[in-house]
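**Student:** Provided below are the primary sequence and the corresponding predicted coordinates.
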Amino acid sequence: MAGVLVLNAGYEPLQRVSLAHAVRMLHRRVAVVEEAVDGRTFGPYPLPAVLRLVRYVQMRWRHRTGVPTWSRAGMLARDGHRCAYCGTGGALTVDHLVPRSRGGASSWLNTVAACGACNHRKRDRTPAEAGMRLRVEPRVPTHLELLK
């Protein structure tokens with residue numbers, strides 16, 4: 001995932017933000033640069049790779065459920081953009097193991113990353129019906145894993 005990593009005041013990772021958002025945080029002085037890209041600047045600021053917040057932010061939302069909310073970007077990051085069927089890199093599509101047309105939900109345990117060819121081949125079937133074997137088992141990632 002691209003962007004600038006934001007750390008809490010206690011150095012716990014919080015989230016990734018765009019470069020524009022990171023510069024606004026620096027300008028408002030709510031964050032300081034912890035790690036910068038060598039020799040590059042953005043106006044008067046060094047080009048940030050990692051920011052640290054000046055004040056500590058409570059993260060109750062993260063501890064309330066313990067499970068990150070499913071998202072397409074998060075699912076692709078969890079699988080490292082690798083196709084769950086053939087193993088090639090650069091997978092950009094989401095495949096539902098139980099197809100949505102059959103009541104399958106967009107959840108961590110029902111979705112995997114797939115290349116366009118494998119997703120097209122599987123179509124509106126389960127992997128067993130399509131005769132396709134999963135190389136990875138879908139799982140629920142941690143919040144920290146999604147920040148990498």
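**Tutor:** Everything's here; your move. Just so you know, these numbers come straight off a predicted model, no measurement behind them.
**Student:** Surely R40 touches P46?
**Tutor:** Yes: using CB atoms under 8 Å as the test, R40 is close enough to P46 to be in contact (7.2 Å). Glycine gets a C-beta too; all of them are placed from N, C-alpha and C.
**Student:** Tell me which of those two has more neighbours.
**Tutor:** Neighbours were counted for R40 and for P46 using other CB atoms under 10 Å; P46 has more, 15 against 10.
**Student:** Domain map for the chain?
**Tutor:** Residue ranges for the domains of the chain, per automatic domain parsing: 4-57, 68-147.
**Student:** how far does the last one stretch from start to finish?
**Tutor:** Just to be clear, that refers to domain 68-147. 11 Å (CA to CA, to the nearest Å).
**Student:** swap in the first one?
**Tutor:** As for domain 4-57, its first-to-last residue distance stands at 17 Å under the measure CA to CA.
**Student:** My reading is that L76 lies in a helix. Confirm?
**Tutor:** Yes: according to DSSP: H, G, I helix; E, B strand; the rest coil, L76 belongs to a helix.
**Student:** Which parts of stretch 75-94 count as buried, going by neighbours?
**Tutor:** For stretch 75-94, the neighbour count (16 or more other CB atoms under 10 Å) marks M75, L76, A77, R78, D79, R82, C83, A84, Y85, A91, T93, V94 as buried.
**Student:** so which pair among those residues is furthest apart in space?
**Tutor:** A77 and Y85 (18.4 Å; CB to CB).
**Student:** Give me the spatial nearest neighbour of V37, chain neighbours excluded.
**Tutor:** If the residues on either side of it in the chain are set aside, V37 comes closest to L47, at 4.3 Å by CB to CB, 6 or more residues apart in numbering.
**Student:** show me the contacts for the one you found.
**Tutor:** When contacts are counted by CB atoms under 8 Å, 6 or more residues apart in numbering, L47 touches L19, A36, V37, R40, T41.
**Student:** The last one pairs with what?
**Tutor:** Beta-bridge partners of T41, counted by DSSP bridges, are P46.
**Student:** any chance you could map the helices in the chain?
**Tutor:** 19-27, 60-65, 72-78, 116-122, 127-130, 143-147 (DSSP state H).
**Student:** Can you report how many residues neighbour the closest residue to V57 other than its chain neighbours?
**Tutor:** Among residues not flanking V57 along the chain, N8 sits closest, at 5.7 Å (CB to CB, 6+ apart). Using other CB under 10 Å, N8 has 16 neighbouring residues.
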